[in-house]
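> Sharing a model prediction with you, sequence too.
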Amino acid sequence: MSLLSLRDVRVQFNTAGGVVRAVNGVSLDLAVGETLGLVGESGCGKSTLGKAIMKLVPVAGGEILVEGVDIAPLNREQLTDMRRKVQMIFQDPYGSLNPRSTVGRSVAQPMVLAGWKPEATAERVETLLRWVGLPSDAKQRYPHEFSGGQRQRIGIARALALSPKLIICDEPVSALDVSVRAQVINLLEDLKSQFGVSYLFISHDLSVVEHIADRVAVMYLGMLFEVGGRDQIWKSPQHPYTRALLAAAPIANPKLARARQRTVLQGELPSPLNPPPGCPFNSRCPMAQDRCRVEKPVLRPVGNGAQAACHFV
Amino acid sequence: MQRFEFVARFARNRGALVGACLILFVALMAVFASVFFPTDPLRIVGLPELWPGEDPEFPLGTDSLGRDILSMIVHGARATLLIGLFASAVATIIGVGVGATAGYFGGWVDEIAMRVAELFQTIPNLIFVLTIVVILGSTLTNIVIAIGIVSWTPIARMTRAEFLSLRDREFVQACRSMGMSDLRIIVSEILPNALPPVIVLSSLVVAGAILFESAVSFLGLGDPNVASWGRLVGDGRQLIRSSWYICAIPGIAIMITVLCLNLVGDGLNDALNPKLRDR
């Protein structure tokens, strides 16, 4: 049984301009101990999907199964168990901590809500801060006294508080300086090997995902275009969008960078208010045919355990 | 540490510092009124209509009945300040409650709450206060409640605006993702962040409440058992052509207190507003 299974998950927002289908039928599995990278352009719905799993946004349809239990119909009390298993790390380390709470209070919140005794909570906070490499006097201080990287560590400590099995990392390093990114990534990897926690790692930074993820899912305009092992995707991307995405990632070696073939995407992400009919990528796809403008592709196996949603692979 | 910084920032605004000192003086006056003037301030102690300075025993003179104006001012400070503080407390409790609920939940809750607030705002404040006092009766409690009922709308709007900007912040989402209840999120997470501008507004409502109470008392609808400053102004109005000081002295006391409260409000605004820090 997978730790997390998404079955045709849909999230939509009613706006003044119409219905935005931010997540439009996503199915995905995440195994125990696995890191799944979820990549895509800004506005493709990857963060919304992460928030839907945490029930921070209302789910319009489909099933979200945590260890086989659908969490969609559960109320707040019934969710307690699921909250213990699944936690989240947020993107903005400056916004994810209450500026008027001490770090100790912020980190202790999950234990307080779970009804722990004060002594046990205090002890746990000490342990957590040590794990993420912060001095124990940090707990009396306020978030503004810490740097971005340190704050993200505090956020990680809070997410780890109740020993979750899955942590949803919503762009955890994109707001950080490049110099501290590696520290936070390494911390996440250490914690994974220490505690066997799984990550759903949402990011638009391909180099980070390449480093941390075991499997990768590529998202575009609310739907998945390709899912597969990391090496599989990086070496032989099947979907034209994945190819374009990887081609857009910068390469450190200028000789290799000059030598490679680049397919540069034209135009912008179409408005999710009014997505093109058929395949949502047809307006920008170099391979688009008439069929793509009518029929929406579905994810299907393309060999080596990978799946792609394209009529021509 | 933080608290000390706050005091230093507040004190940098000279007007606010002067205001705070004078308010403190008035408050001490109110607290120790019966120490300085142990006798009932409404007792007749001398000749009527003695001008200030005319008799050294009554430095601020006597009113039309021969009561010591200084004693009445000192005792009146107690009633006036209490009315201001409690009315502001009533307004703040209603305002924060309505504003927090509206801002946090949004949707139709917000819609209803804001329409109700607008309804209250369309009625002229003073007439509204007078109407409530006339209906409920002229007691101190009723006057406090009436002033609270007309003064909560700006506080509700301010609280709502703060909640709107805070409710989708990531630290609130983090609390939700831990399964924290809405009430707990509102009270222990968002409210402490939303409070600074609300405190500023509440301090200004105190000033407004003192003015309302004065107006109500001046029109003769005040609590007859309480010698507030407004009532002193009201009592002196028949003699305003000959002995205008009977009105003027409590009037000046009201003016200075209200001015000081406004200065303190401005100072709090500067000290609590992080955007103005280090400017």
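The structure has been received and is ready for your questions. Residues are numbered from 1 along each chain as shown, chains lettered A, B, ... in the order given.

> Which secondary structure state does residue A:11 sit in?
strand (DSSP: H, G, I helix; E, B strand; the rest coil).

> so it bridges to which residues?
Beta bridges link residue A:11 to residue A:23, judged by DSSP bridges.

> burial measure for it, as a count.
Residue A:11 sits with 22 neighbouring residues when counted by other C-beta atoms under 10 Å in any protein chain shown. Where you see a C-beta, it was placed from the backbone N, CA and C, and this is true even at glycine.

> can you give me the strands for the stretch 101-250 of chain A?
Using DSSP state E, counting those that start in this stretch, the strands of the stretch 101-250 of chain A run over A:166-170, A:198-203, A:215-220, A:223-229.

> closest one to residue B:173 among those strands?
Closest to residue B:173 of the strands of the stretch 101-250 of chain A is strand A:166-170 (C-beta to C-beta; 9.5 Å).

> Can you name every helix or strand that the closest one contacts?
Contacts defined by 3 or more C-beta pairs under 8 Å, 6 or more residues apart in numbering or on different chains; DSSP states H and E place strand A:166-170 against helix A:46-53, strand A:86-89, strand A:198-203.

> Now do the shortest one: which elements does it pack against?
Under the contact definition 3+ C-beta pairs under 8 Å, 6+ apart, strand A:86-89 sits against helix A:148-160, strand A:166-170, helix B:170-177.

> contact partners of the longest one?
Helix A:148-160 is contacted from outside by A:87-90, A:93-94, A:96-97, A:103, A:106-107, A:109-110, A:125, A:128-129, A:131-134, A:138, A:143, A:146, A:167, A:172-173, A:175-177, A:180, A:183-184, A:187-188, A:191, A:195, A:197, B:174, using C-beta atoms under 8 Å, 6 or more residues apart in numbering or on different chains.

> and chain A, which of its residues are near chain B?
By C-beta under 8 Å from any C-beta of the partner chain, the residues of chain A that approach chain B are A:51, A:54-56, A:76, A:79-80, A:83, A:87-88, A:90-92, A:95-101, A:106, A:109-110, A:113, A:142, A:155, A:158.

> Next, name the residue at the spatial heart of chain A.
Taking C-alpha atoms, centre = their mean as the criterion, residue A:202 is the residue nearest the geometric centre of chain A, at 2.3 Å.

> gap between that one and residue A:11?
Counting by C-beta to C-beta, to the nearest Å, the gap from residue A:202 to residue A:11 is 14 Å.

> now chain B, which segments are flagged as low pLDDT?
B:1-3, B:273-279 (pLDDT under 70).

> so where do the helices sit in it?
B:2-12, B:14-31, B:33-36, B:69-105, B:107-122, B:125-136, B:140-166, B:170-177, B:182-184, B:191-218, B:229-236, B:245-272 (DSSP state H).

> Check which residues of the longest one are buried.
This means helix B:69-105. Buried residues in helix B:69-105, counted by 16 or more other C-beta atoms under 10 Å in any protein chain shown: B:69-92, B:94-104.

> for the fifth one, same thing?
Buried residues in helix B:107-122, counting neighbours by 16+ other C-beta under 10 Å, are found at B:110, B:113, B:114, B:117, B:120.

> So is that helix next to chain A?
No: using C-beta under 8 Å from any C-beta, helix B:107-122 stays clear of chain A, coming no nearer than 11.3 Å.

> who's in contact with that helix?
By C-beta under 8 Å, 6+ apart, the residues outside helix B:107-122 that reach it are B:98-99, B:101-103, B:128, B:149-150, B:152-153, B:156-157, B:160.

> Could you tell me which residues of the stretch 151-279 of chain B lie near chain A?
Applying C-beta under 8 Å from any C-beta, we find that the stretch 151-279 of chain B lies next to chain A at B:169-171, B:173-181, B:189, B:192-193.

> The strands of the stretch 101-250 of chain A into JSON lines, with extra columns for distance to residue A:260 and mean pLDDT?
Below are those laid out as JSON lines (distance: least, C-beta to C-beta, whole Å; pLDDT from 0 to 100):
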{"stretch": "strand A:166-170", "distance to residue A:260": "29", "mean pLDDT": "92"}
{"stretch": "strand A:198-203", "distance to residue A:260": "22", "mean pLDDT": "93"}
{"stretch": "strand A:215-220", "distance to residue A:260": "19", "mean pLDDT": "92"}
{"stretch": "strand A:223-229", "distance to residue A:260": "19", "mean pLDDT": "90"}
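
> Residue of chain B nearest chain A, please.
Residue nearest to chain A within chain B (C-beta to the nearest C-beta): residue B:170, separated by 3.9 Å.

> thought that residue was touching residue A:89?
No: Residue B:170 is beyond contact range of residue A:89, at 10.0 Å (criterion: C-beta atoms under 8 Å).

> Among the residues of the stretch 151-279 of chain B next to chain A, name the buried ones.
Among these, those classed as buried by 16+ other C-beta under 10 Å are B:169-171, B:173-180, B:189, B:193.

> from those residues, which two are the most distant?
The two members of these with the most space between them (C-beta to C-beta) are B:179 and B:193, at 20.6 Å.

> Pull out the buried positions in the helix-or-strand element of chain A with minimal mean pLDDT.
Scoring the helices and strands of chain A by mean pLDDT, DSSP states H and E places helix A:254-259 at the bottom, with a mean of 76. For helix A:254-259, a neighbour-count test (16+ other C-beta under 10 Å) marks nothing as buried.

> ok, then the element right after that helix?
Under the assignment DSSP states H and E, the closest C-terminal helix or strand after helix A:254-259 is strand A:300-303.

> And the next helix or strand past that next one?
Next along the chain from strand A:300-303, counting by DSSP H and E, comes strand A:306-308.

> buried residues in that following strand?
For strand A:306-308, burial by neighbour count (16+ other C-beta under 10 Å) applies to A:306, A:307, A:308.

> That one pairs with which strands, and in what direction?
Sheet pairing for strand A:306-308, using DSSP bridges, gives strand A:223-229 (antiparallel), strand A:300-303 (antiparallel).

> Residue B:37 is nearest to which of these?
strand A:223-229 (81.1 Å).

> now the closest one against strand A:215-220, angle please.
Counting by axes from the mean of the first three to the mean of the last three C-alpha atoms, to 10 degrees, strand A:223-229 lies at 160 degrees to strand A:215-220.

> angle of strand A:223-229 against helix A:46-53?
90 degrees.

> Output strand A:223-229 as PDB, restricted to C-alpha atoms.
Output in PDB follows, covering the C-alpha atoms of strand A:223-229 (Å, rounded to 0.1, in the frame of the first residue of the first chain):
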ATOM      1  CA  MET A 223      -2.600  18.000 -14.900                       C
ATOM      2  CA  LEU A 224       0.400  15.600 -14.800                       C
ATOM      3  CA  PHE A 225       2.300  15.200 -18.100                       C
ATOM      4  CA  GLU A 226       4.900  12.800 -17.100                       C
ATOM      5  CA  VAL A 227       5.800  10.600 -14.000                       C
ATOM      6  CA  GLY A 228       8.900   8.500 -13.700                       C
ATOM      7  CA  GLY A 229      12.200   7.700 -12.100                       C
END
